[in-house]
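> Need the 3D shape of this:
(one chain, ligands or ions: 2)
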Amino acid sequence: MRSVLFVGAGRHQRRAIERARALGLRVVAVDRSADAPGLAAADAAETVDFRDVDAVTEAGRRHGVDGVLTVSADRAVPVVAAVAEALGLPGIGTETAHAMTHKIAMRRQFADAGVSQPRFAAVRSIAEGHHALERVGLPAVLKPADSGGQRGVFLLESVDDLDAHLHAALAESAGGETIVESFHDGLELNGLVLARAGDVISLTLSDRLRPPGIGFGVGWTHVYPASIYGDTLAEAERVAVAAVRALGLTNGIAFPQLLVGDDGSVRVVEVAARIPGGQMADLARHAIGIDLVEVALRQALGVEVPDDLAYPRFSQPLAIRFLTASPGPLPAGVVRSWSGLERVLAFPGVVQADVFLTAGETIRPVRLDGDRRGYVIAIAPTNVEALERAEAAARLLDVDVSVAAAAPA
Ligand SMILES: Nc1ncnc2c1ncn2[C@@H]1O[C@H](COP(=O)(O)OP(=O)(O)O)[C@@H](O)[C@H]1O
Ligand SMILES: [Mg+2]
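Ligands and ions are numbered 1, 2, ... in the order given. Coordinates of the predicted model:
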């Protein structure tokens with residue numbers, strides 16, 4: 001029986017681990033937390049901090065694995081690439097893994113390849129930051145060079161904003177480095193792209209709607225298909241594919257994020273080298289009938305991905321509404337109890353829904369990806385109706401909170 005090593009075994013990985021076992025694979029999983037939910041689902045589990053590449057490599061060697069992968073965990077991407085290289089297994093290569101997880105390295109590669117993107121500068125200090133803002137202009141976005149999940153991401157409307165937030169952004173960066181880039185208003189799109197034996201296929205583009213205010217970078221609704229048409233759609237697909245090519249990915253699933261201006265211009269925010277978190281794998285399954293986990297497993301094992309697994313089988317409009325605090329459907333405050341998931345699931349068009357709330361936790365205004373405390377996925381004949389259904393269904397959840405949390409300053 002073939003075996004695969006999962007690097008990271010959190011909630012998002014658990015379903016993928018179960019899927020791998022259902023496909024007849026033996027799963028070895030590592031996570032630094034002994035009670036990570038994915039570990040219990042694996043055939044063999046080890047408590048290993050995946051920042052320790054040698055220890056992960058050793059675990060893989062000991063179990064004689066035939067492949068190594070991660071799902072959703074961006075920080076594990078360079079580790080997976082390094083372990084694959086050390087064990088002589090299929091992988092995306094450490095250079096590509098670096099370019100696809102380090103925002104400055106990525107932007108430099110885009111610049112060399114002529115891929116359309118924001119103006120940017122690397123920043124390690126206040127002095128560099130001021131210099132960067134002169135080049136990049138305002139408004140701007142400040143973010144850690146090597147983090148994710150909206151951690152340490154700030155919108156800068158003045159030089160004072162840089163002074164106020166640089167420290168927090170640097171604190172989220174393992175390498176002590178941030179990037180400052182020009183802010184571009186407009187529609188944000190998520191892409192799913194498959195690189196297969198050097199051939200790069202655009203699978204989906206979907207709208208990624210975001211809340212106003214401090215959580216401006218959090219995707220709180222996904223709508224498929226994207227709401228762009230004609231030349232703009234063609235341009236977005238072209239840019240998504242060009243960005244993946246520029247980073248040197250020849251075998252793997254890529255997750256480009258794009259910004260589309262009112263003038264139809266398309267710029268790349270970033271491209272991740274993994275199955276995205278945030279229910280994007282569910283989007284692929286329900287919207288186009290592609291099982292990204294099976295594709296990723298095959299690529300990790302170096303097995304061919306046949307056309308019938310790689311190409312969309314249908315195109316089903318859908319919407320994913322995340323459960324977030326106001327103006328999302330959840331009340332802010334300390335959770336006493338919640339109920340009604342079965343009502344949500346029974347709502348017309350709803351194909352999947354889940355709630356991650358636990359009693360005693362505080363629902364805060366949306367600031368990070370982690371503030372999404374569940375989701376509803378609905379299908380419909382059109383994307384507009386799917387969104388209406390997902391929103392109506394999300395309101396059927398009953399959440400009882402004890403104290404209304406104060407709004408952030
Ligand atoms: N230059 C930019 N212009 C406008 N919005 C941006 C820009 N950079 C980032 N954002 C917003 O912030 C989000 C997070 O930025 P991103 O670079 O993807 O960081 P992370 O690694 O945390 O996902 C993006 O998805 C987008 O909504
Ligand atoms: Mg991102």
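
> contacts, neighbours, all on C-alpha from now
OK.

> need the residues of this structure near ligand 1, please.
118, 141, 147-151, 181-185, 217, 269-270 (CA under 6 Å from any ligand atom).

> Filter these down to just the buried residues.
Among the residues of the chain next to ligand 1, the ones that count as buried by 16 or more other CA atoms under 10 Å are 118, 141, 147-151, 181-184, 217, 269-270.

> Please tell me the pLDDT value assigned to the residue nearest the centre of the chain.
Ranked by distance to the mean C-alpha position of the chain (CA atoms, centre = their mean), the top residue is residue 276 at 3.8 Å. The model reports residue 276 with a pLDDT of 86.

> Would you check how far apart it and ligand 1 are?
10 Å (CA to the nearest ligand atom, to the nearest Å).

> For residue 217, give me its contacts.
Residues in contact with residue 217 (CA atoms under 8 Å, 6 or more residues apart in numbering) are 150, 153, 210, 211, 368.

> burial count for residue 47?
Residue 47 is flanked by 18 other residues according to other CA atoms under 10 Å.

> For it, list the residues it contacts.
Residue 47 makes contacts with 30, 31, 32, 33, 34, as judged by CA under 8 Å, 6+ apart.

> nearest residue to the first one other than its sequence neighbours?
So that's residue 30. Leaving aside its sequence neighbours, residue 30 sits nearest to residue 46 (CA to CA, 6 or more residues apart in numbering; 4.9 Å).

> So which bits of the host helix or strand of that neighbour are buried?
In the assignment (DSSP states H and E), residue 46 maps to strand 44-47. Using 16+ other CA under 10 Å as the test for burial, strand 44-47 gives 45, 46, 47.

> same check, this time on stretch 55-73
In stretch 55-73, counting by 16+ other CA under 10 Å, buried: 56-57, 59-60, 65-73.

> Is whichever residue of the stretch 201-350 of the chain sits closest to ligand 1 in a helix, a strand, or coil?
Ranking the residues of the stretch 201-350 of the chain by distance to ligand 1 (CA to the nearest ligand atom) places residue 217 first, at 3.5 Å. Here residue 217 is recorded as coil under DSSP: H, G, I helix; E, B strand; the rest coil.

> quick one: it and residue 193, what's the gap?
The gap separating residue 217 from residue 193 is 21 Å, by CA to CA, to the nearest Å.

> which stretches of the stretch 301-409 of the chain form strands?
Ranges of strands in the stretch 301-409 of the chain, per DSSP state E, counting those that start in this stretch, are 318-322, 333-339, 350-355, 362-363, 374-379, 398-401.

> got the contact list for the nearest residue to residue 397 once chain neighbours are set aside?
Distances taken as CA to CA, 6+ apart put residue 340 closest to residue 397, at 4.8 Å, once the chain neighbours are dropped. By CA under 8 Å, 6+ apart, residue 340 lies in contact with 396, 397, 398.

> Buried residues in stretch 78-92, which are they?
So for stretch 78-92, counting by 16+ other CA under 10 Å, buried means 78-85, 87, 89-92.

> sorry, that was for stretch 109-128
By neighbour count on 16+ other CA under 10 Å, the buried set for stretch 109-128 is 109-110, 115-125.

> Can you verify my assumption that residue 153 contacts residue 170?
No: using CA atoms under 8 Å, residue 153 is not in contact with residue 170; the gap is 10.2 Å.

> Now the common contact residues for the two.
Joint contacts of residue 153 and residue 170 (CA under 8 Å, 6+ apart) are residue 144.

> the more surrounded of the two?
Taking neighbours as other CA under 10 Å, residue 153 and residue 170 compare with residue 153 leading, 27 against 23.

> quick one: the more buried one from residue 185, how far?
Computed as CA to CA, the residue 153 to residue 185 distance reads 16 Å.

> Equivalent analysis for residue 330, please.
Using CA to CA, residue 330 is found at 27 Å from residue 185.

> How about residue 307?
For residue 307, the distance to residue 185 equals 37 Å [CA to CA].

> All the helices of the stretch 251-400 of the chain, in order from the start?
Assigned by DSSP state H, counting those that start in this stretch, the stretch 251-400 of the chain shows helices spanning 280-288, 292-301, 307-310, 341-346, 383-394.

> Bridged to residue 270, which residues?
Beta bridges link residue 270 to residue 257, judged by DSSP bridges.

> What does the pLDDT read for it?
At residue 270, the model reports a pLDDT of 97.

> Three-state assignment for residue 30, please.
Under three-state DSSP, residue 30 comes out as strand.

> Could you do the one 3 residues further on as well?
Three-state call for residue 33 (three-state DSSP): coil.

> and it, how many neighbours?
15.

> Next one: the nearest residue to it once chain neighbours are set aside from ligand 1, what distance?
Spatial nearest neighbour of residue 33, excluding adjacent residues (CA to CA, 6+ apart): residue 47 at 6.3 Å. Residue 47 sits 26 Å away from ligand 1, taking CA to the nearest ligand atom as the criterion.

> next one: residue 111
Following CA to the nearest ligand atom, the distance that separates residue 111 from ligand 1 is 15 Å.

> so what's that residue scoring on pLDDT?
What the model reports for residue 111 is a pLDDT of 98.

> For the chain, which helix extends over the most residues?
Looking across the chain with DSSP state H, the single longest helix is helix 230-246.

> ok now do residue 137, which residues does it touch?
residue 182.

> Please determine how far it is located from residue 267.
Distance of residue 137 to residue 267, computed by CA to CA: 17 Å.

> quick one: contacts for residue 226?
So residue 226 contacts 189, 205, 206, 207 (CA under 8 Å, 6+ apart).

> Could you look up the SS state of the third one?
For residue 206, the secondary-structure state derived from three-state DSSP is strand.

> how many neighbours does it have?
Residues within reach of residue 206, counting by other CA under 10 Å, total 25.

> next one: the last one
Using other CA under 10 Å, residue 207 has 23 other residues around it.

> Kindly state the beta-bridge partners for it.
Taking DSSP bridges as the rule, residue 207 bridges to residue 189, residue 223.

> Provide a list of residues in contact with it.
Applying CA under 8 Å, 6+ apart, we find residue 207 in contact with 187, 188, 189, 190, 221, 222, 223, 224, 225, 226, 227.
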